[in-house]
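Trainee: fold the stuff below for me.
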Amino acid sequence: MAFSPEFLRELEARSPIEDIAANYVQLKRRGRNLVGLCPFHNEKTPSFNLYPENNSYYCFGCASGGGVIQFVMNIERLDFPEAVRWLAQRAGMALPEEGVDDSMSRLRMRILEINRESGRFFYKTLSTPQGRAGLQYFKGRGLDGAIIKRFGLGYAPEGGFALVNHLRGLGYTVDELVQADMARISKNGNPYDRYRGRVMFPIFDLRGNVVAFGGRILTDEKPKYINTSDTPVYHKSSGLFAMNIAKNEGSRRLILAEGYMDVIALHRAGFTNAIASLGTSLTEEQARVMKRFADEAVICYDSDEAGRRATQRAIPILRGTGLRVRVVTVPGGKDPDEFLRLHGENGPARFKQLLEGGGTDIEYRMGRIREKYDLDTSDGKVAYLREAAEQVLSKISSPVEREVYAGRLSEETGVAAGSILETAARLAKREARKNEKKQLQRQQEIPSIKAVHNTEKEKHLRAAMAEGRVLAFLFRNQEKAGALSKRLPPEKFVTESNRRVYKLLLGKIPCGEVSLSDLSQELTGEETGEFVRVLSENETVLPRWEDMETYAKAIESEGGLSDPDWVREASPQDIERQLKALRDRKA
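Mentor: Residues are numbered from 1 along each chain as shown. Now for the predicted structure:
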């Protein structure tokens, strides 16, 4: 859907980016701007910047940037029209009726409808003879009708065509069913059910839409679980099972379990802040979603070796978002579901004791290291201390916390705490130097080479930097558009991407003041991010009108007929004008 500039300007005025971003990022004021840890990549040093003056953001770590609409698009995984709708609903604005192609939005809506109807079909099947095996399975796991209904659990019939026939009868096309990953196409070209003979677990997004499914086979057939692949409405790297319920629990603590049944068992026992990462290793994206709703994460994976490895992988990912991390180990090699059923009525109270007695992630990691060595031998103690200092203590940023755990190591080994702290501090400094070097390299790359969306920048660095200054000046001094375009017409720009933004600005300014939202409707997300990077680089020392002549000459010295694309598209008059300009400069 195309939106009028007037509508987008009003929407942007009612949607301060600092108010929107504060729901996802902890921000601190730095002069006129705000900074925080980027929600789009994992980092320890804040490189995410908000610019309230022009309602934009830019991350100098991952080069993501844009206006408030682009932020919503990226953080909520929406396309442009959907992000506008999202903001309009928040701002209490009615959307204009007229519009153009919004085929992707329509496809997303159709897939959400398909998922909703599929969930209803699976749930209803449990009450039929076809679903008897599924109902018996759930009852055998201790689930009653209320919990089955709460999670929308169901059963996919074995036949292979029941759901496809049902959905096609409702008017959905085969292509839509395939795009929703509810159907696959056989070698003969016929659609068949993606899920057959499996108990079904619907996966909801944070707004309560069914976006995907997980299905468990009831036989020894492999694979045991299959899950919806990525679709236009679902990305498994950010999905979390039961997060739609847990986010409203209010304790600012989340219990991270390993599977569907563990989460359902915990909810049934009263722990409604339990979630799972959908059968995949925890991702940074999932951890960032968790951070939006919690300050503490309690890892409660299976206590087998696979669960231990998953715990070790999850700890640094969760800590990287700023979450406090604790680890609960279920005794007897049980998972939470087995533990709760084993203890019957006492299960909830016993599990609460486990939660209260669970150690920190540091205690867990040190315990795992300790298991590898014989502390009755000198060699064992040395190896234990060396690994604990390098892998754990040196990575603790708080001096007080580091001293506490150094004291515990001292008690365990008989080695002076001061010596342990000295070793950890030396290792920490070495790691800090390595990180600083990487950070410096990254920062040096960003202003020049990392302007990846302006691919000609390395080739014409001087002209491209001058073009950036001109764009920054024009965006902030739009009343100068006429005079600037006479002195520096778009065809003189050397780099194609800067020329495109320049022409777009000059074309829109006569119709009214141009905002980032106006540009976002016609630029790609990468182009918008690159433009915001240019604005942020030129924020401290603002270009002046007096500087434009200098920048124009810098551009002209590299520009003109060196651009084959411009030559192909230019009129004879444009080429003649450019040749004259070159002759004048030589004279």
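
Trainee: where does residue 307 land on pLDDT?
Mentor: Looking at residue 307, its pLDDT stands at 87.

Trainee: so it sits in a helix?
Mentor: Yes. Counting by DSSP: H, G, I helix; E, B strand; the rest coil, one finds residue 307 located in a helix.

Trainee: so how far is residue 207 from it?
Mentor: 31 Å (Cβ to Cβ, to the nearest Å). For every residue, glycine as well, the C-beta is placed using N, CA and C.

Trainee: more neighbours: which of the two?
Mentor: Ranked by neighbour count (other Cβ atoms under 10 Å), residue 307 and residue 207 place residue 307 first, with 18 against 10.

Trainee: quick one: contacts for that one?
Mentor: Residues counted as contacts of residue 307 (Cβ atoms under 8 Å, 6 or more residues apart in numbering) are 258, 301, 335.

Trainee: any chance of those residues in TSV, plus secondary structure, neighbour count and pLDDT?
Mentor: Shown next, in TSV, are the contacts of residue 307 (DSSP: H, G, I helix; E, B strand; the rest coil; neighbours: other Cβ atoms under 10 Å; pLDDT from 0 to 100):
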residue	secondary structure	neighbour count	pLDDT
258	coil	22	90
301	coil	28	92
335	coil	20	89
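
Trainee: Throw those residues into CSV and include distance to residue 153, thanks.
Mentor: Below are these laid out as CSV (distance: Cβ to Cβ, whole Å):
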residue, distance to residue 153
258, 18
301, 22
335, 18
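
Trainee: just after whichever strand or helix holds residue 353, pick out the following helix or strand.
Mentor: Per DSSP states H and E: residue 353 is located in helix 347-357. Remark: after helix 347-357, the chain's next helix or strand is strand 359-360, criterion DSSP H and E.

Trainee: which neighbouring elements make contact with that next one?
Mentor: Identification of packing neighbours for strand 359-360 by 3 or more Cβ pairs under 8 Å, 6 or more residues apart in numbering; DSSP states H and E yields strand 324-327.

Trainee: ok, and what's touching whichever helix or strand comes after the strand it packs on?
Mentor: Next along the chain after strand 324-327, taking DSSP H and E as the criterion, comes helix 336-342. Residues outside helix 336-342 that contact it (Cβ under 8 Å, 6+ apart) are 141-142, 257, 259, 261-262, 264-266, 268-269, 274, 300, 330-332, 334, 347-348, 350-351, 354.

Trainee: 7 Å instead, please
Mentor: 142, 257, 261, 262, 265, 266, 269, 300, 330, 334, 347, 351 (Cβ atoms under 7 Å, 6 or more residues apart in numbering).

Trainee: ok, residue 86 touching residue 73?
Mentor: No. Taking contacts as Cβ atoms under 7 Å, residue 86 lies outside contact range of residue 73: 9.0 Å.

Trainee: the two: which has the busier surroundings?
Mentor: More crowded of residue 86 and residue 73, by other Cβ under 10 Å: residue 73, with 22 against 18.

Trainee: helix or strand for the more buried one, which one?
Mentor: Residue-wise, residue 73 maps onto helix 68-76 under DSSP H and E.

Trainee: list the buried residues in that helix.
Mentor: 68, 69, 70, 71, 72, 73, 74, 75 (16 or more other Cβ atoms under 10 Å).

Trainee: as JSON lines, these with pLDDT and distance to residue 90 would be great.
Mentor: Output for these, formatted as JSON lines (pLDDT from 0 to 100; distance: Cβ to Cβ, whole Å):
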{"residue": "68", "pLDDT": "93", "distance to residue 90": "11"}
{"residue": "69", "pLDDT": "93", "distance to residue 90": "12"}
{"residue": "70", "pLDDT": "92", "distance to residue 90": "16"}
{"residue": "71", "pLDDT": "93", "distance to residue 90": "13"}
{"residue": "72", "pLDDT": "93", "distance to residue 90": "9"}
{"residue": "73", "pLDDT": "91", "distance to residue 90": "14"}
{"residue": "74", "pLDDT": "90", "distance to residue 90": "16"}
{"residue": "75", "pLDDT": "91", "distance to residue 90": "13"}
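
Trainee: looking at these, spot the one nearest residue 463.
Mentor: residue 70 (26.7 Å; Cβ to Cβ).

Trainee: for that closest one, what are its contacts?
Mentor: 520, 525, 528.

Trainee: ranking those residues by neighbours, who comes first?
Mentor: Using other Cβ under 10 Å as the neighbour test, these are led by residue 528, with 26 neighbours.

Trainee: so for it, what's the pLDDT?
Mentor: 85.

Trainee: Three-state assignment for it, please.
Mentor: helix.

Trainee: hang on, it packs against residue 517?
Mentor: No. Residue 528 lies out of contact with residue 517 (Cβ under 7 Å); the separation is 9.8 Å.

Trainee: list residues touching both of the two?
Mentor: residue 67.

Trainee: now name the helix or strand holding the closest residue to residue 370 other than its chain neighbours.
Mentor: Distance criterion Cβ to Cβ, 6 or more residues apart in numbering; nearest residue to residue 370, sequence neighbours excluded, is residue 384 at 6.2 Å. Assignment of secondary structure by DSSP H and E places residue 384 within helix 378-391.

Trainee: going by neighbour count, which residues in that helix are buried?
Mentor: 381, 383, 384, 385, 388, 389, 390.

Trainee: which element follows that helix toward the C-terminus?
Mentor: helix 399-413.

Trainee: run the chain-centre distance for that following helix.
Mentor: 36 Å (Cα atoms, centre = their mean, to the nearest Å).

Trainee: list the buried residues in it.
Mentor: For helix 399-413, by 16+ other Cβ under 10 Å, it's 402, 403, 405, 406, 409, 410, 413.

Trainee: ok, now stretch 222-240?
Mentor: Buried-residue list, stretch 222-240, by 16+ other Cβ under 10 Å: 226, 227, 228, 231, 232, 233, 234, 236, 238, 239, 240.

Trainee: equivalent analysis for stretch 314-328, please.
Mentor: Buried-residue list, stretch 314-328, by 16+ other Cβ under 10 Å: 314, 315, 317, 318, 319, 320, 321, 323, 325, 326, 327, 328.

Trainee: same thing with stretch 276-283?
Mentor: Per 16+ other Cβ under 10 Å, stretch 276-283 contains these buried residues: 276, 277, 278, 279, 282, 283.

Trainee: ok, now which ones touch the last one?
Mentor: The reference is to residue 283. So residue 283 contacts residue 237 (Cβ under 7 Å, 6+ apart).

Trainee: apart from its chain neighbours, what residue comes closest to the residue most central in space within the chain?
Mentor: Geometric centre of the chain, nearest residue: residue 285, 4.4 Å, by Cα atoms, centre = their mean. Counting by Cβ to Cβ, 6+ apart, residue 285 lies nearest to residue 238, which is 4.4 Å off, once chain neighbours are set aside.

Trainee: same thing with residue 493?
Mentor: Excluding the flanking residues, the one nearest residue 493 by Cβ to Cβ, 6+ apart is residue 499, at 3.7 Å.

Trainee: could you check how many residues crowd around the one you found?
Mentor: When counting by other Cβ under 10 Å, one arrives at 20 neighbours for residue 499.

Trainee: perfect, I'm done here.
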